[in-house]
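>>> Fold the following.
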Amino acid sequence: MPKLCSFGCAPNGSSIHFFPNAFKFPECFKAWVTLVGGKLESASDYEYYQKKLICDIHFTPEDRVQNNRLKAYAIPSLYLHETPNNSPVHEVDCNIHFDLSDLLLSALLLSTI
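Sure, this is the predicted structure:
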């Protein structure tokens, strides 16, 4: 399914990352939400951002572990206010990296709110 980066850029085939798990990494999750100009005022806000994505171009090489996945506490730090080459916004098919157990836990926890 085509996805867009939360910064509005076109990832051009690069990997896309879900926002961190809000329950396991609350400070990291809040930092990502703040970086994209969001607010967390209700449970529905948390649910909304759990579905958002950020493309790989916003992370440094130091943000990755050996298998090229993001470190648990990685924070986007590149091209935050502008996209490289002013890439147009359009939907693209992307490789999505996530831990299925994190998604299942998030869904379970959100269903109890």
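>>> give me every residue that touches residue 49.
Counting by Cβ atoms under 8 Å, 6 or more residues apart in numbering, residue 49 touches 19, 22, 29, 32, 33, 38, 40. In this view, the C-beta of every residue, glycine as well, is placed from N, C-alpha and C.
>>> my read: residue 50 touches residue 18, true?
Yes - counting by Cβ atoms under 8 Å, residue 50 does reach residue 18; the two are 7.3 Å apart.
>>> if we can go back for a sec, restricted to helices, list the contacts of residue 49.
If you go by DSSP state H, the contacts of residue 49 have 29, 32, 33 in helices.
>>> Around the closest residue to residue 51 other than its chain neighbours, how many other residues sit close by?
Excluding the flanking residues, the one nearest residue 51 by Cβ to Cβ, 6 or more residues apart in numbering is residue 18, at 7.7 Å. A count of neighbours around residue 18, defined by other Cβ atoms under 10 Å, yields 21.
>>> for residue 18, which residues make a bridge with it?
When assigned by DSSP bridges, residue 18 has beta-bridge partners residue 53.
>>> what about this structure, any weak spots by pLDDT?
Residue ranges of the chain with pLDDT under 70: 1-3, 11, 82-113.
>>> where do the helices sit along it?
Going by DSSP H, the chain shows helices at 26-35, 43-50, 100-111.
>>> returning to that earlier point: I figured the residue nearest to residue 51 hits residue 69, correct?
No - with contact defined as Cβ under 8 Å, residue 18 does not count as touching residue 69 (11.6 Å).
>>> Including distance to residue 54 and neighbour count, could the contacts of residue 49 go into CSV?
Listed next are these as CSV, based on distance: Cβ to Cβ, whole Å; neighbours: other Cβ atoms under 10 Å:
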residue, distance to residue 54, neighbour count
19, 7, 24
22, 15, 21
29, 12, 19
32, 7, 23
33, 11, 21
38, 12, 16
40, 16, 16
